[in-house]
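**Q** just need the structure, nothing else, for what follows:
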Amino acid sequence: MLPTLECTTDLEQAIERHIKERTWGRVRQLRVEANKDRIFVFGLSSTYYVKQLAIQAVLEILASGAYPPVVIDLDVAQDDTFGPRTREHAVSHA
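**A** Residues are numbered from 1 along each chain as shown. Here you go, the predicted structure:
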């Protein structure tokens, strides 16, 4: 059973864990933040394929419930020069 929004820490951990499993840990600086209005996913990927896997992992987790819109901010870069943005800089994909 998946966590509900009342238990945001469990939801954040479930999303993060599933992203790590689906991408074989290839998303760097992965961070998930959830509140009643939005779910934010931040991180860095070295390829667009890994980014796609991470997005699919988020969709798999959230497909079974009524969750708020998701903001996915995964940058594709060969190194950590860019770094993930903060919530204020993220672009919503809702």
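**Q** quick one, strands of the protein?
**A** For the chain, strands defined by DSSP state E occupy the ranges 27-34, 39-45, 70-76.
**Q** mean neighbour count, these: which tops it?
**A** Mean neighbour count (mean count of other C-beta atoms under 10 Å) peaks for strand 39-45 among the strands of the chain, with a mean of 23. In this view, the C-beta of every residue, glycine as well, is placed from N, C-alpha and C.
**Q** report the strands that pair with it, each with its relative direction.
**A** Each strand paired with strand 39-45, and its direction, by DSSP bridges: strand 27-34 (antiparallel), strand 70-76 (parallel).
**Q** okay, now the unreliable bits of this structure?
**A** Counting by pLDDT under 70, the chain contains low-confidence residues at 1-6, 80-94.
**Q** spatially central residue for it, please.
**A** Val41 (3.0 Å; C-alpha atoms, centre = their mean).
**Q** quick revisit: a markdown table for the strands of the chain, including distance to Ser64?
**A** A markdown table is the format used below for those (distance: least, C-beta to C-beta, whole Å):
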| stretch | distance to Ser64 |
| --- | --- |
| strand 27-34 | 15 |
| strand 39-45 | 14 |
| strand 70-76 | 14 |
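**Q** I'd like to know which of the ones you listed is closest to Asp10.
**A** When the strands of the chain are compared by C-beta to C-beta, strand 27-34 sits nearest Asp10, at 9.5 Å.
**Q** OK, contacts around Val27?
**A** Listed by C-beta atoms under 8 Å, 6 or more residues apart in numbering, the contact partners of Val27 are 19-20, 43-45, 50, 54, 74.
**Q** any figure for the gap between the nearest residue in space to it that is not next to it in sequence and Pro69?
**A** In space, and not counting its chain neighbours, Val27 is closest to Gly43: 4.3 Å by C-beta to C-beta, 6 or more residues apart in numbering. As judged by C-beta to C-beta, to the nearest Å, Gly43 and Pro69 stand 18 Å apart.
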